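Trainee: predicted model and sequence below, questions to follow.
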Amino acid sequence: MTPQYLAGFIDGEGSLGIYRHNELSIQIAQINRRVLDQIQSQYGGRVLIIRSRQNKKGHIHQYYLSRRNQVKIMIEDILPYLIVKKQEAEIVLKFINTYTTHYGRDKGPNMKYKQDERNSLAKQLKELKQGVT
């Protein structure tokens, strides 16, 4: 799958988020699981059935990617091609880059500053998604 195709897919069907406790994710919901499986094989993550539908189309599947290093790789691959969610992706990438270690266990005098920066970025993303900015 090309980064251009994935960027268009995320622009139309995806969601980028920063949640409580500094958790982040990229999510895509689809009836057809095949494309989500391709994304999973390329970037990792999970494909889940999120609810059953009472019609001929079957289940709704959701791709979910939450590991910081995997999210960073995906965003860096697709960022040049995003249109609708470009600002959201840039904020998520800034958020990821505030971490100095893979496990996110910041210590020392910069710890409070980094957490304040993360909180600010999470707030920016939320406001952008709500159309506040």
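Mentor: Structure's in. What do you need? Please read all numbers here as calculations on a predicted model, not as lab measurements.
Trainee: make it CA atoms for all contacts and neighbour counts henceforth
Mentor: Will do.
Trainee: top strand in the chain by residue count?
Mentor: Scanning the chain for the longest strand, with DSSP state E as the assignment, gives strand 23-30.
Trainee: quick one, helices of the protein?
Mentor: 3-13, 33-43, 68-78, 86-96, 111-130 (DSSP state H).
Trainee: please save the CA atoms from the fourth one in CSV.
Mentor: This file holds the C-alpha atoms of helix 86-96, laid out as CSV (Å, rounded to 0.1, in the frame of the first residue of the first chain):
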residue,chain,number,x,y,z
LYS,A,86,-2.5,17.2,8.1
GLN,A,87,-2.7,19.6,11.1
GLU,A,88,-3.9,16.8,13.4
ALA,A,89,-1.0,14.6,12.3
GLU,A,90,1.5,17.4,12.9
ILE,A,91,0.2,17.8,16.4
VAL,A,92,0.4,14.1,17.1
LEU,A,93,4.0,14.0,15.7
LYS,A,94,5.0,16.9,18.0
PHE,A,95,3.4,15.0,20.9
ILE,A,96,5.4,11.9,20.1
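Trainee: packing partners for that helix?
Mentor: If contacts are counted by 3 or more C-alpha pairs under 8 Å, 6 or more residues apart in numbering; DSSP states H and E, helix 86-96 sits against strand 14-19, helix 68-78, helix 111-130.
Trainee: in JSON lines, list these along with distance to residue 89.
Mentor: Below are the helices and strands packed on helix 86-96 laid out as JSON lines (distance: least, C-alpha to C-alpha, whole Å):
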{"stretch": "strand 14-19", "distance to residue 89": "7"}
{"stretch": "helix 68-78", "distance to residue 89": "6"}
{"stretch": "helix 111-130", "distance to residue 89": "9"}
